[in-house]
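# coords please:
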Amino acid sequence: DEGDRSCGIEGEGQSESIETADQKIATNQELLQRSSSAGPLSVKKLSKFKKKHDNTGVVYLSTIPPFMRVQKLRSILSQYGRILRIYLTPEDAAITRKRKKYRKNRRVKHTDGWVEFANKKVAKKVALALNNTPIGGKKRDYYSEDRWNMKYLKKFKWNHLTEKIAVASQVKHQKIRNSSIEAQKETKFYLEKADQSKAVAAMKRKRIARSSANNKSSKEEGRDGSMKKSKVSLGSSKEQDVRRTFKQRELL
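Next comes the predicted model:
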């Protein structure tokens with residue numbers, strides 16, 4: 001299908017992951033020609049599109065074989081029926097960073113995925129037939145011993161998946177925004193408390209300096225008072241000595 005979309009694709013080589021400029025130009029020209037020749041939508045076209053949309057079926061894969069790419073998954077499942085779109089959920093970014101850092105493995109890994117078949121009957125048969133069975137193929141194939149874990153989603157359409165992804169993205173952004181707001185509040189509170197603690201410490205230092213100055217002045221005053229008292233006592237003792245002097249008589 002020319003309108004197929006494949007999500008979660010990341011190639012192993014530059015030739016697989018990056019389209020050339022000529023291919024992009026040709027694709028854009030083809031889309032322009034298609035849109036110009038399509039003309040206005042009619043009731044007949046809308047009913048035809050609705051019929052195709054209602055006839056599609058989605059299969060959910062709870063696990064994806066390690067490092068399996070979208071192209072490989074499409075090539076395996078295409079032999080059972082026509083596939084429209086595939087979406088694979090990439091693993092958590094933190095786990096990817098650890099794996100790249102410690103295991104030196106830069107291959108793309110996915111946790112689960114959804115596959116849209118053009119015929120829901122085919123999708124249901126494929127899910128029932130392949131669930132909990134080995135992928136098979138040649139023995140030397142990397143995925144030959146892995147098992148399928150899939151389930152047909154009744155009354156589930158691709159727009160439900162896109163809505164779910166959009167809601168999850170909004171919730172994630174909202175959580176990030178709330179966490180940043182909380183971090184800003186905590187930072188502001190910490191800075192305010194730090195300023196308050198600095199002010200209290202400065203007041204304590206001033207109080208200590210003032211008390212030490214007062215103690216020093218009181219000591220000096222006490223020393224001056226004691227010196228004055230000692231001088232007075234010396235003077236009084238001299239006066240008392242003078243008062244006790246008397247004239248002695250000669251011995252008989």
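# Angles on the backbone of Thr63, please.
When read as degrees, to the nearest 10, the backbone of Thr63 gives phi -130, psi 150.
# Report the spatially closest residue to it, excluding sequence-adjacent ones.
Nearest non-adjacent residue to Thr63, counting by C-beta to C-beta, 6 or more residues apart in numbering: Asn149, 4.7 Å away. (Glycine included, C-beta is placed from N, CA and C.)
# can you check Trp114 too?
Spatial nearest neighbour of Trp114, chain neighbours left out: Tyr87 (5.0 Å); criterion: C-beta to C-beta, 6+ apart.
# How much space separates that neighbour from Ala166?
Taken as C-beta to C-beta, to the nearest Å, the spacing of Tyr87 relative to Ala166 amounts to 13 Å.
# Among those two, which residue is more densely surrounded?
A direct count of neighbours by other C-beta atoms under 10 Å for Tyr87 and Ala166 places Tyr87 higher, at 21 against 10.
# So the more buried one belongs to a strand, correct?
Yes: under DSSP: H, G, I helix; E, B strand; the rest coil, Tyr87 falls within a strand.
# who does it bridge with?
Taking DSSP bridges as the rule, Tyr87 bridges to Cys7, Trp114.
# if I look at it, how far off is Lys164?
10 Å.
# swap in Lys154?
According to C-beta to C-beta, Lys154 and Lys164 sit 16 Å apart.
# more neighbours, these two?
Comparing Lys154 with Lys164 by other C-beta under 10 Å, the one with more neighbours is Lys164, at 12 against 9.
# per-residue pLDDT, that one?
pLDDT, Lys164: 81.
# before we move on, the earlier item: is it correct that the residue nearest to Thr63 is in contact with Asn131?
Yes: the criterion here is C-beta atoms under 8 Å, and Asn149 meets it with Asn131 at 6.9 Å.
# is it true that Glu91 touches His110?
Yes: between Glu91 and His110 there is a contact under C-beta under 8 Å: 6.5 Å.
# These two: which is more packed in?
His110 (22 against 14).
# List the beta-bridge partners for the more buried one.
Beta bridges link His110 to Pro90 when assigned by DSSP bridges.
# List the contacts of the nearest residue to Asp146 once chain neighbours are set aside.
Leaving aside its sequence neighbours, Asp146 sits nearest to Pro65 (C-beta to C-beta, 6+ apart; 4.1 Å). Contacts for Pro65 were tallied using C-beta atoms under 8 Å, 6 or more residues apart in numbering; they are Ile135, Tyr143, Asp146.
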